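Chemist: What shape does this take:
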Amino acid sequence: MINFNDITTHPPPPHPPKKRGVVPMLQGVRARTHTGSLDKIDERARTKFTCKQTCSGSAELLEPTMCSRRTCVILGVIGVLLGVIITVAVVLTLPLKRTFIRRCELFPGYDCENLWSVFQQAYVGKDPCNVPMEAYDPLIAAAPFKPACNRMMFWSKTKDLVQDFTKKRGCFLTLEKTLLGSVLDDLSWCGEEGSSETFKRFCRRKCENNPVGSFWRRASAAFADVACGDVTAVLDGSIEKPFDPESTFGSIELKRFKSPRVRSLKIVLVSRKKALSNCMNTSLQDLQRELGAGITYSCTEMTESQFNECSSDPEKPCGPCW
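Modeler: Sure, this is the predicted structure:
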């Protein structure tokens, strides 16, 4: 018979040691926290605890490296996007404003900061294809064009020639030599719906009511409205059709010349390398028919070198060479 008292009772084998998990570690955090030994907190446990509270919100915790890496990536992307937005706004707006203000300050008697503000109101926050000419009416009113009788010069497809001419001699006044024409000459700008910034790149120009085209049409109309006395227009004699009724000069400026304020229109037809048209060109005959009643018409043919000679001698008194 088996004597059960003689049987040695062995304790059950110990369970394999538990892997270090979240609960013991968090308990350790609590124990250490209650004792006030915060400087001895297990950093790995704290990392997992924080991760549980802020990352997933679930009972399953992430490894510290996974959590910190994901958090850093998200924060990094957000930081980069914010930096790009701020940089683009500053980089694109400030150079245009600096150019505007610097050029404006060459004309004494104007509040250039106010003009910049009025200028921006025409296009900022708007669809860049929905800025009509009338949007610039307040700007024109803030810096109206002044008449310069017998000295006002217009051009079509000859901007480089005319600008070089007026740079050397101050005898004639073009739109680009006025305050508004000067501050915005050769610049590009636009806004975007929902944005308070000014942009100078990637602005759409193909749509009719883009901010740049609308400004120049409005400014050209206002400049032509104050034309008086003998008016000069420089056209390109190197092309077959020097007068284009669809150009700014043909569609806007010419139509604004009214008698008796405008006495005469003098066409200067400048040929560069080879003359392809003359004063008998059919397009110029169309121009005469478009010209308002009571305004006399004349046309002079010149080579580019002859035209440039008119401005080569600064000692010559102001007056036309044609």
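Chemist: how about residue 212, what does it touch?
Modeler: Contact criterion CB atoms under 8 Å, 6 or more residues apart in numbering gives 187-190, 203, 205 as the residues in contact with residue 212. For the C-beta atoms, the positions are set from N, CA and C on the backbone; glycine is no exception.
Chemist: State the distance from residue 287 to residue 190.
Modeler: Relative to residue 190, residue 287 is positioned 33 Å away (criterion: CB to CB, to the nearest Å).
Chemist: Relative to residue 98, which of the contacts of residue 212 is nearest.
Modeler: Checking the contacts of residue 212 against residue 98 by CB to CB gives residue 187 as the nearest, at 11.5 Å.
Chemist: Test my guess that the closest one contacts residue 98.
Modeler: No. Using CB atoms under 8 Å, residue 187 and residue 98 do not qualify as a contacting pair, with a distance of 11.5 Å.
Chemist: Neighbour count: the two, which is higher?
Modeler: Neighbours of residue 187 and residue 98, each counted by other CB atoms under 10 Å, are more numerous for residue 187; the result is 14 against 10.
Chemist: Residue 301 belongs to a strand, doesn't it?
Modeler: Yes. According to DSSP: H, G, I helix; E, B strand; the rest coil, the state of residue 301 is that of a strand.
Chemist: Give me the nearest residue to it, chain neighbours excluded.
Modeler: Computed as CB to CB, 6 or more residues apart in numbering, the closest residue to residue 301 that is not its neighbour in sequence is residue 269, at 5.0 Å.
Chemist: Might one say that the one you found is in contact with residue 304?
Modeler: No. Counting by CB under 8 Å, residue 269 stays clear of residue 304, with 11.2 Å between them.
Chemist: More neighbours: which of those two?
Modeler: Shown here are residue 269 and residue 304; by other CB under 10 Å, residue 269 has more neighbours (25 against 15).
Chemist: Local confidence estimate at residue 170?
Modeler: Residue 170 is assigned a pLDDT of 82 by the prediction.
Chemist: so it touches residue 318, yeah?
Modeler: Yes. Applying CB under 8 Å as the test, residue 170 and residue 318 come out as touching, 7.4 Å apart.
Chemist: what residues are up against the residue nearest to residue 301?
Modeler: For residue 269, the contact set (CB under 8 Å, 6+ apart) comprises 235-237, 242, 277-279, 284, 299-302.
Chemist: So it lies in a strand, does it not?
Modeler: Yes. Going by three-state DSSP, the assignment for residue 269 places it inside a strand.
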